[in-house]
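> Give me coordinates for this.
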Amino acid sequence: FSEKENVNKLDYAMESLKKSMKWDEDTFGLAYDLDVYNIVAVNDFNMGAMENKGLNVFNTAYVLADQASATDTDYERVEGVIGHEYFHNWTGNRVTCRDWFQLTLKEGLTVFRDQEFSGDMGSKAVKRIEDVRGLRGRQFNEDAGPMSHPIRPESYISMDNFYTATVYSKGAEVIRMYNTLLGVDGFRKGMDLYFERHDGTGVTCDDFRAAMADANGVDLSQFGLWYSTNGTPTVTYETSYNDGKFTLTLSQKSNSENPLHIPVSIGLLDKETGEEVVPTTVLELKEESQTFDFDVKGEVVPSLLRGFSAPVKLVSSSGDEDETALAFLAARDTDGFNKWESGQKLFTSLIFQTMDDKQSEQTLEFVMEAFGRTLGDKATTDYSIQAYALTLPGESTLAEQVEVVDPVAIRKARGAVKKAIARRFQSELKERYDELTAEMEGEEFKVDATSVGKRRLRNILLDYLCAIKETAEEQKAAAELATAQFESATGMTDRISALSALASMDGEGAAARDAALAKFYEDANGDALVLNKWFTVQALADLPDVLDRVKALTKHPDFTLNNPNRCRSLVSAFTMNSAPFHDESGNGYKFLSDTLAELDKLNPQISSRMGGALIQWRRYGEKRGELMKAELEKLVEMKPISDDLFEVISRGLK
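All right, here's what the predicted structure looks like:
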């Protein structure tokens, strides 16, 4: 159900619901238990959705989708959230939480189920990359700050504040570790016993763990420490080879007084041929340090933490990455996730070298060789994997790698590497972009893995090509290329990608930028979800005066703090535009603080979420940190202040 004007955008949600029902029957033997299943979409809703039995209430952003208004990411999100809420019928409603502290019991488990569903509907490797990117960008950041908490929190002032990335995403990783340790069949046996024992009751995380252990005849008592340990553990590795024996030593460090039970999936590849000599094997790290030996016929390159088998940071005992091994794995690893991960580590190394003004010729060549090989691979049919392999790590992911974050320096270094790659491969990028444009011309619009992948790849190529804009002539050429895509786009994905490129153009590209923004607004014709995109594109623009533009947009007749989606589309989006938000003037912090003071009177749930952007002040150096802290101190003294916002701000000041 939706407002009358949106009924034509419900078809994809209905198809997603049918697929999720069949998937749950096929995968877990779970069938729906009522005659009717209702979903209602509402414009003003704080959360994504709510799984009320037989009548799910959804934010329109997670139900409505059509070619003209939804991006491929929107379609994926609709499919995932529709599945998530349906899966709650068994993991959340039929078996529910005994108390709020057990929230991850239903949310972590159901996120894992929706991730597996989406992976089966598309590409498992692509889905895994997307999920880990999100985990590192949001949850690792949460774990490193004052709101860090275990997946099963021990106390709270407002429960609204614990619908977090930790409870959901890290909770899903904990469930995934059961699946890794026990195998798919063992996990299914555990699920069957869980429902057999607890259908119709309220239970705890320990009841779930007991069902997994008892169904498989294993001891998972040590694994239970994951539920009570906050922070991101670190696993350190050291390797050696001697006369046919490969030795791997793994050590762990976490906030737990006792060692965690960590599954580390590894494979070994022959150093000469790239052949996989030891297929994926799950090592169980249960002590502070353990050594594992493998008999091999020659030297090997290890592929560690395959599929991101545990939510940890993996580091070498030397502190330095073996870039020769990374280049080898980026070219030859048989694990899709680790192949991507190795390339990302090379990119990261080059970006930080650039930031420190110590760029290594070897690293540069490794990066250029890997990029050129990936770009030139026209045999692949998994275009999304290719697109992600060409994409530089995001600023939030890079920020997680350093003790003191300088967002301006990170953006500058990342931008310099992006430009260097774009200039080196300018003709190849343009040639591949033109090939894909010709291939896609006249094709029927589809939301399948191939079509989505082609769009994703072409838009990554556009992003690189539009990074070349230093001279007036280059600015003009970049603006013309992005404008041509904007005007010819037959769907929202290609249109918004072109608009995003244009939104950050200045100089000779400024007129094209302004014209495209005006046209996009006009074509939106009041469509709420499309207008949200219009606000967000401008809030995320890489322009020197972006804060002034955002402030002006708060006065726009279509902007209101009363609608959660609209509020997030501008204010939350700006806080994610790290360099201008963290400008050393402190003006970004003051803008957010002033907005929160107003917003808290209207919507405490949203104000507390946005307040989280200020509480990591200790990580941003002395000058920025003091400015952020000053805004927190101002907010905590505010009268009145909601419990939601007070809890976040006061924890940030501790």
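> Could you identify the helix or strand that succeeds the helix or strand of the chain with the lowest mean pLDDT?
Between all helices and strands in the chain, the lowest mean by mean pLDDT, DSSP states H and E belongs to strand 49-50, at a mean of 90. Toward the C-terminal end, the helix or strand that comes next after strand 49-50 (DSSP states H and E) is strand 55-59.
> partners of that following strand, with directions?
For strand 55-59, the pairing partners within the sheet under DSSP bridges are strand 38-42 (parallel), strand 49-50 (antiparallel).
> Okay, now the unreliable bits of the stretch 51-200 of the chain?
Judged against pLDDT under 70, the stretch 51-200 of the chain has no low-scoring part.
> Can you show me the strands along it?
Assigned strands in the stretch 51-200 of the chain, in chain order: 55-59, 96-97 (criterion: DSSP state E, counting those that start in this stretch).
> now those strands in a markdown table, with mean neighbour count and distance to residue 121?
C-beta coordinates here come from the backbone N, C-alpha and C atoms, glycine included. Shown next, in a markdown table, are those (neighbours: other Cβ atoms under 10 Å; distance: least, Cβ to Cβ, whole Å):
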| stretch | mean neighbour count | distance to residue 121 |
| --- | --- | --- |
| strand 55-59 | 20 | 19 |
| strand 96-97 | 17 | 27 |
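> And the ones you listed: which comes nearest residue 549?
Closest of those to residue 549 is strand 55-59, at 26.4 Å (criterion: Cβ to Cβ).
> Can you pull out the residues in contact with that closest one?
Contact with strand 55-59 is made by 37-42, 45, 47-50, 81, 85-86, 564-565, as judged by Cβ atoms under 8 Å, 6 or more residues apart in numbering.
> Go again with 7 Å.
Contact with strand 55-59 is made by 38-42, 45, 47-50, 85, 565, as judged by Cβ atoms under 7 Å, 6 or more residues apart in numbering.
> Tell me who's in contact with the residue lying farthest from the centre of the chain.
Most distant residue from the mean C-alpha position of the chain: residue 243, 42.5 Å away (Cα atoms, centre = their mean). Neighbour list for residue 243: empty [criterion: Cβ under 7 Å, 6+ apart].
> And it, how far from residue 500?
Distance of residue 243 to residue 500, computed by Cβ to Cβ, to the nearest Å: 55 Å.
> how about the strands in this structure?
Secondary structure of the chain (DSSP state E): strands at 38-42, 49-50, 55-59, 96-97, 202-203, 234-242, 245-253, 262-270, 276-285, 289-295, 300-304, 313-316.
> What is the fourth one packed up against?
Looking back up the chat, that one is strand 96-97. Where contact means 3 or more Cβ pairs under 7 Å, 6 or more residues apart in numbering; DSSP states H and E, strand 96-97 is packed against helix 103-121.
> Can I get the helix it packs on in CSV, CA atoms only?
C-alpha atoms of helix 103-121 as CSV (Å, rounded to 0.1, in the frame of the first residue of the first chain):
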residue,chain,number,x,y,z
LEU,A,103,18.3,-7.0,20.0
THR,A,104,21.2,-8.4,18.0
LEU,A,105,19.6,-11.8,18.3
LYS,A,106,17.0,-10.8,15.8
GLU,A,107,18.7,-8.0,13.9
GLY,A,108,22.2,-9.5,13.4
LEU,A,109,20.6,-12.9,12.4
THR,A,110,18.2,-11.2,10.1
VAL,A,111,20.8,-9.0,8.5
PHE,A,112,22.9,-12.1,7.8
ARG,A,113,19.8,-13.7,6.2
ASP,A,114,19.1,-10.7,4.0
GLN,A,115,22.8,-10.5,2.9
GLU,A,116,22.7,-14.2,1.9
PHE,A,117,19.4,-13.6,0.1
SER,A,118,20.8,-10.7,-1.9
GLY,A,119,24.0,-12.5,-2.7
ASP,A,120,22.0,-15.5,-4.1
MET,A,121,19.8,-13.1,-6.1
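> Return the set of buried residues in it.
For helix 103-121, burial by neighbour count (16 or more other Cβ atoms under 10 Å) applies to 103-119, 121.
> got it, and stretch 137-148?
Buried, per 16+ other Cβ under 10 Å, within stretch 137-148: 137-144, 146-148.
> likewise stretch 561-574?
Neighbour counts using 16+ other Cβ under 10 Å place 561, 563-574 of stretch 561-574 among the buried residues.
> which one of the residues you listed is nearest residue 207?
Of the buried residues of stretch 561-574, the one sitting nearest to residue 207 (Cβ to Cβ) turns out to be residue 564, at 34.3 Å.
> Burial check on the closest residue to residue 443 other than its chain neighbours, number of neighbours?
In space, and not counting its chain neighbours, residue 443 is closest to residue 451: 7.3 Å by Cβ to Cβ, 6 or more residues apart in numbering. When counting by other Cβ atoms under 10 Å, one arrives at 18 neighbours for residue 451.
> if I look at residue 451, how far off is residue 65?
Distance, residue 451 to residue 65, by Cβ to Cβ: 15 Å.
> same check, this time on residue 18
Distance of residue 18 to residue 65, given as Cβ to Cβ: 15 Å.
> Comparing those two, which residue is more hemmed in?
Per other Cβ under 10 Å, whichever of residue 18 and residue 65 has more neighbours is residue 65, with 26 against 12.
> list the contacts for the more buried one?
Contact analysis of residue 65 by Cβ under 7 Å, 6+ apart lists 9, 12-13, 74-75, 78.
> so the closest residue to residue 2 other than its chain neighbours bridges to which residues?
For residue 2, ignoring the flanking residues on the chain, the nearest one in space by Cβ to Cβ, 6+ apart is residue 41 at 4.2 Å. Residue 41 forms beta bridges with residue 58, as assigned by DSSP bridges.
> related to what we said a few turns ago, reformat the contacts of strand 55-59 into JSON lines and put distance to residue 297 next to each item.
Listed next are the contacts of strand 55-59 as JSON lines, based on distance: Cβ to Cβ, whole Å:
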{"residue": "38", "distance to residue 297": "61"}
{"residue": "39", "distance to residue 297": "57"}
{"residue": "40", "distance to residue 297": "62"}
{"residue": "41", "distance to residue 297": "60"}
{"residue": "42", "distance to residue 297": "63"}
{"residue": "45", "distance to residue 297": "60"}
{"residue": "47", "distance to residue 297": "55"}
{"residue": "48", "distance to residue 297": "52"}
{"residue": "49", "distance to residue 297": "54"}
{"residue": "50", "distance to residue 297": "57"}
{"residue": "85", "distance to residue 297": "51"}
{"residue": "565", "distance to residue 297": "59"}
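> ok, how many other residues are close to residue 610?
Residue 610 has 23 neighbouring residues, counting by other Cβ under 10 Å.
> Please determine how far the residue nearest in space to the middle of the chain is located from residue 58.
Among the residues of the chain, the one closest to the centroid is residue 134, at 1.6 Å (Cα atoms, centre = their mean). Note on residue 134: its distance to residue 58, by Cβ to Cβ, is 20 Å.
> In contact with residue 341, which residues are there?
Residues near residue 341 by Cβ under 7 Å, 6+ apart: none.
> Could you report the distance from it to residue 320?
17 Å.
> rewinding a little: let's see the pLDDT reported for the residue nearest to residue 443.
With respect to pLDDT, residue 451 has a value of 96.
> Now the buried residues of stretch 561-574 in TSV, please, with extra columns for distance to residue 315 and pLDDT.
Formatted as TSV, the buried residues of stretch 561-574 follow (distance: Cβ to Cβ, whole Å; pLDDT from 0 to 100):
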residue	distance to residue 315	pLDDT
561	43	98
563	44	96
564	39	96
565	39	96
566	42	97
567	39	97
568	35	97
569	37	98
570	38	98
571	36	98
572	32	98
573	32	98
574	33	98
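> And the furthest pair within the residues you listed?
Greatest spacing in the buried residues of stretch 561-574, by Cβ to Cβ: 563 and 574 (16.5 Å).
> I figured residue 161 was touching residue 644, is that so?
Yes - shown here, residue 161 and residue 644 form a contact pair, counting by Cβ atoms under 7 Å, at 6.0 Å.
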